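Participant: below: sequence and its predicted model.
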Amino acid sequence: MTNSTLATGWWMCATRNRRRRIGAACAAMLASAVVAAASDAPVFELTLANGRFEPSQLTVPADTALQLRVTNNDTAAIEFESFELHRERVVQPGETITVYLPALKAGAYPFFDDFHSDTPPGSIVSK
Amino acid sequence: MLLLGAQFVRLGAPPPEAAGELVAAPSVDAVLRSACFDCHSNHTRWPWYGYVAPFAWLLEHDVSAGRARLNFSQWDAYASDPETAHHKLEEIRAAVAGGQMAPWYYRLLHADARLTATQRDLLIDWARSAGSPPPS
């Protein structure tokens, strides 16, 4: 019997609540590790005001993990989303959030406000 | 003739390689695979009409859009920003609880995607517990 078979059997036998607690604990540990590893990364700023992202094109270094601080200076919540970056975050009015980004290959990574289709999209350009 | 020629026109691109698939309890994983993975993973089971234009084009468009919004085969990419993973799980919970997923037109043709009350509760429960707010 392989280790993975034993692990699967144990998981199936564990009670529902225990599985839930273990899953939540693992997720929390992973999240802590991810945030700790990324918190030293260089910071870049992006602001939404008057229905526009500023800057609309943000240039960042390639192959470098980074933090993106997104500030919403408008009066309605926005959803900062990028399919290419696999990021999707709600930003309330007046709020600043930190989005952790892995080292990006050189290229353009579009983003948009999924709550407001009339907001012009922007892009992060990694060079 | 036009319809015949259309059969040779394939849209879209092959899915990107899986980069860290979602890991969930076997019971949850089974429901996700049968009801969600066709549009939200790189493991799409293409039906026979998925090879016949123009249905193939519509299907490829739907699958591409579904993968862009949520791709369980690239879950690690979401998890590298814990708040994004949390947000995705909250959206899954809301969509399943609200009956928006799977879409009605998909459920018409795919019995696997018609969630029972037990399956729905299982997914909601999982999304809620796995999506506990990340540490600040």
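Facilitator: Cool, got the structure.
Participant: what bridges to the most centrally placed residue in chain A?
Facilitator: Nearest to the geometric centre of chain A sits residue A:87, at 4.2 Å (C-alpha atoms, centre = their mean). Beta-bridge pairing of residue A:87 under DSSP bridges involves residue A:82.
Participant: residues of chain B that sit close to chain A?
Facilitator: Residues of chain B lying near chain A by C-beta under 8 Å from any C-beta of the partner chain: B:24-26, B:68-69, B:74, B:77-85, B:87-88, B:91, B:125, B:129-130, B:132, B:134-135. C-beta: built from backbone N, CA, C; applies to glycine.
Participant: buried subset of those, written for PyMOL?
Facilitator: The following PyMOL line selects those of the residues of chain B next to chain A that are buried, judged by 16 or more other C-beta atoms under 10 Å in any protein chain shown:
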select buried, chain B and resi 24+25+74+77+78+79+80+81+82+83+84+85+87+88+91+129+130+132+134
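Participant: residue A:70 is in contact with the residue nearest to the centre of chain A, correct?
Facilitator: No. If you go by C-beta atoms under 8 Å, residue A:87 and residue A:70 don't touch, sitting 9.6 Å apart.
Participant: where does pLDDT dip in chain A?
Facilitator: Applying pLDDT under 70 to chain A flags residues A:1-38.
Participant: now the helices for chain B?
Facilitator: Counting by DSSP state H, chain B has these helices, from start to end: B:2-6, B:26-35, B:37-40, B:55-69, B:75-79, B:82-97, B:104-109, B:117-130.
Participant: return the most buried member of those.
Facilitator: Sort those by mean neighbour count, taking mean count of other C-beta atoms under 10 Å in any protein chain shown, and helix B:37-40 sits at the top with a mean of 22.
Participant: quick check: mean pLDDT of that one?
Facilitator: For helix B:37-40, mean pLDDT rounds to 91.
Participant: now that helix, how far from the centre of its chain.
Facilitator: Chain-centre distance of helix B:37-40: 3 Å, with C-alpha atoms, centre = their mean, to the nearest Å.
Participant: same check on stretch A:106-121?
Facilitator: 14 Å.
Participant: can you give me the end-to-end distance of it?
Facilitator: End-to-end distance of stretch A:106-121 (C-alpha to C-alpha, to the nearest Å): 19 Å.
Participant: hmm, who's touching it?
Facilitator: Contacts to stretch A:106-121, defined as C-beta atoms under 8 Å, 6 or more residues apart in numbering or on different chains, come from residues A:48, A:51-53, A:56, A:62, A:76-85, A:87-88, A:122-127.
Participant: quick check: chain neighbours aside, which residue is closest to residue A:124?
Facilitator: The shortest distance from residue A:124 to any residue other than its chain neighbours is 4.5 Å, reached at residue A:109 (C-beta to C-beta, 6 or more residues apart in numbering or on different chains).
Participant: note down every partner strand of the strand or helix carrying the one you found and its orientation.
Facilitator: Assigned by DSSP states H and E, residue A:109 falls within strand A:107-113. Strand A:107-113 has its sheet partners listed here by DSSP bridges as strand A:78-82 (antiparallel), strand A:122-126 (antiparallel).
Participant: buried residues, it. List them.
Facilitator: Going by neighbour count (16+ other C-beta under 10 Å), the buried part of strand A:107-113 is A:109, A:111, A:112, A:113.
Participant: now stretch A:66-82
Facilitator: Neighbour count says stretch A:66-82 has A:66, A:67, A:68, A:70, A:71, A:72, A:74, A:78, A:80, A:81, A:82 buried, by 16+ other C-beta under 10 Å.
Participant: so what touches it?
Facilitator: A:38-39, A:41-51, A:58, A:60, A:87-101, A:109-116, A:119, A:124.
Participant: and what of stretch B:34-42?
Facilitator: Stretch B:34-42 is contacted by residues B:15-18, B:21, B:33, B:43-45, B:62-63, B:66-67, B:69-74, B:101-102, B:106, B:110, B:112-113, B:115, B:119 when judged by C-beta under 8 Å, 6+ apart.
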